[in-house]
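J.: coords below, sequence missing:
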């Protein structure tokens, strides 16, 4: 990963991991073993889901903007389909007594919020310069000499 992607990933992973630990401990204390498995499954799912996004961003960094957009749309579609399939498999192969659905949901939502907060915070700390093209665009603050005549 380049420096900026690494900073984004670290900036998001640290708060998400802290919230994941709290969610796992809290769910275990409240729902015992089923809460542990639910929160653990939610934690791993969210962290993997968002890490894939940063990997795709790293891969597509130097590509044509149209290819980048196509890759981003494909990755979002693939993640939604895979997430749906994963949730279907979990609900069909496990019982609520072994994996608590409430613990899964609350931990996944809390970790998602922490990840997004951390990623936004890390992005705002980056000092990325945006180079704009110079296609004959004039500075609007300067007056046009032809208009003064």
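T.: Cool, got the structure. For clarity, every value in this text was computed on a predicted model and none was experimentally measured.

J.: and the spatially most central residue of the chain, what is it in contact with?
T.: Residue closest to the average C-alpha location in the chain (CA atoms, centre = their mean): residue 50, at 3.6 Å. By CB atoms under 8 Å, 6 or more residues apart in numbering, residue 50 lies in contact with 12, 16, 112, 115, 119. All C-beta atoms are positioned from the backbone trio N, CA, C, and that covers glycine.

J.: Turn these into TSV, columns for neighbour count.
T.: Output for these, formatted as TSV (neighbours: other CB atoms under 10 Å):
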residue	neighbour count
12	25
16	25
112	18
115	25
119	21
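
J.: out of these, which are inside helices?
T.: 12, 16, 112, 115, 119 (DSSP state H).

J.: and which of the residues you listed is nearest residue 67?
T.: Nearest to residue 67 out of the ones in helices among the contacts of residue 50 is residue 119 (CB to CB; 23.3 Å).

J.: where along the protein do the strands fall?
T.: In order along the chain, the chain carries no strands (DSSP state E).

J.: Buried ones in the helix or strand of it with the lowest mean pLDDT, by neighbour count?
T.: Least confident helix or strand of the chain, by mean pLDDT, DSSP states H and E, is helix 65-93 with a mean of 86. Buried residues in helix 65-93, defined by neighbour count with 16 or more other CB atoms under 10 Å: 68, 75, 79.

J.: Show me what it is packed against.
T.: helix 3-59 (3 or more CB pairs under 8 Å, 6 or more residues apart in numbering; DSSP states H and E).

J.: what angle separates the helix it packs on from helix 65-93?
T.: Counting by axes from the mean of the first three to the mean of the last three CA atoms, to 10 degrees, helix 3-59 lies at 80 degrees to helix 65-93.

J.: what's residue 110 in contact with, if anything?
T.: When contacts are taken as CB under 8 Å, 6+ apart, residue 110 is in contact with 19, 23.

J.: Give me the pLDDT for residue 139.
T.: Per-residue confidence (pLDDT) for residue 139: 56.

J.: Fine by me, we can end here.
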